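S.K.: A predicted structure for the sequence below; I have some questions about it.
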Amino acid sequence: MGSTWAKIAGAAVVVVVVILVLGRLGGDKPTSAPPEKEKTFYDMAERDKQFQEEPKRAAEPVQPPAAQSETPEQPSPQAAQPPAAQAPGVVLPSSITQPTTLHFVPLEEIEDIQAQNLLPWAAAGRSIGRLPMVQYGLMVKACRQIEERWPDSWYAFRAKQMLEEITQYSNSYNIKPQELDISRYLKPRRGSEPRTVEPVR
């Protein structure tokens, strides 16, 4: 009887020692790199609000910075995004990796109000599209409507950004690389004004 208790006590000591050794070995990892918190639907919906932000007016409408930003960014998106960048001459919104000056045509007051009402539908459709059993149809429809009605505005640029982020569904929604092309905004055009665009956060 006594030897049975001695065996049980010995086994318990061994188990405690093993737990302590494993705890010390594994204890170093969490302190050096804490695990990243998984993003929830609400976190991603908060992120989607950036697509409704109006780009800030550029301090000085100088052409050389726009030309400089155009040159290095045209080749990089074609190398980075294989599916959409197959078409030659297409510059994707994801090519913007630092604050960049783009040129947009301002809208008339009534058109601006209409665009302001439509853009939140696209951003909300983007958030809702992440839910199970829901798709991005609402977002794609709103984005295409914005691009068709106001192609030279910053609203169309935001629509292109949202469409690019769902390129994995490009076959389902028939998204063409030309719908994502932002090359028209790289150079000043008649009636356009410079705006500073930030990369997607």
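M.R.: Yep, it's here.
S.K.: Could you measure from residue 181 over to residue 152?
M.R.: From residue 181 over to residue 152 the distance is 13 Å, taken as C-beta to C-beta, to the nearest Å. For every residue, glycine as well, the C-beta is placed using N, CA and C.
S.K.: same deal with residue 173?
M.R.: According to C-beta to C-beta, residue 173 stands 23 Å off from residue 152.
S.K.: Run through the residues that contact residue 146.
M.R.: By C-beta atoms under 8 Å, 6 or more residues apart in numbering, the contact set of residue 146 is 115, 118, 119, 122, 153, 155, 156, 158, 159.
S.K.: quick one: contacts for the fourth one?
M.R.: Under the criterion of C-beta under 8 Å, 6+ apart, the contact partners of residue 122 comprise 51, 138, 139, 142, 143, 146, 158, 159, 162.
S.K.: for the protein, what spans make up the strands?
M.R.: With DSSP state E, the ranges of strands along the chain come out as 56-57, 100-104, 193-197.
S.K.: Apart from its neighbours in sequence, what residue is nearest residue 111?
M.R.: In space, and not counting its chain neighbours, residue 111 is closest to residue 150: 6.5 Å by C-beta to C-beta, 6 or more residues apart in numbering.
S.K.: Equivalent analysis for residue 155, please.
M.R.: residue 115 (4.4 Å).
S.K.: Would you mind listing where the protein has pLDDT under the threshold?
M.R.: 1-2, 5-7, 9-18, 20-46, 48-49, 60-87 (pLDDT under 70).
S.K.: Which residue ranges of it form helices?
M.R.: 2-32, 41-48, 63-73, 75-80, 109-128, 137-149, 154-164, 170-173, 177-180 (DSSP state H).
S.K.: on that earlier part again, the residue nearest to residue 155 is in contact with residue 153, isn't it?
M.R.: Yes. At 6.5 Å, residue 115 and residue 153 qualify as touching, with contact defined as C-beta atoms under 8 Å.
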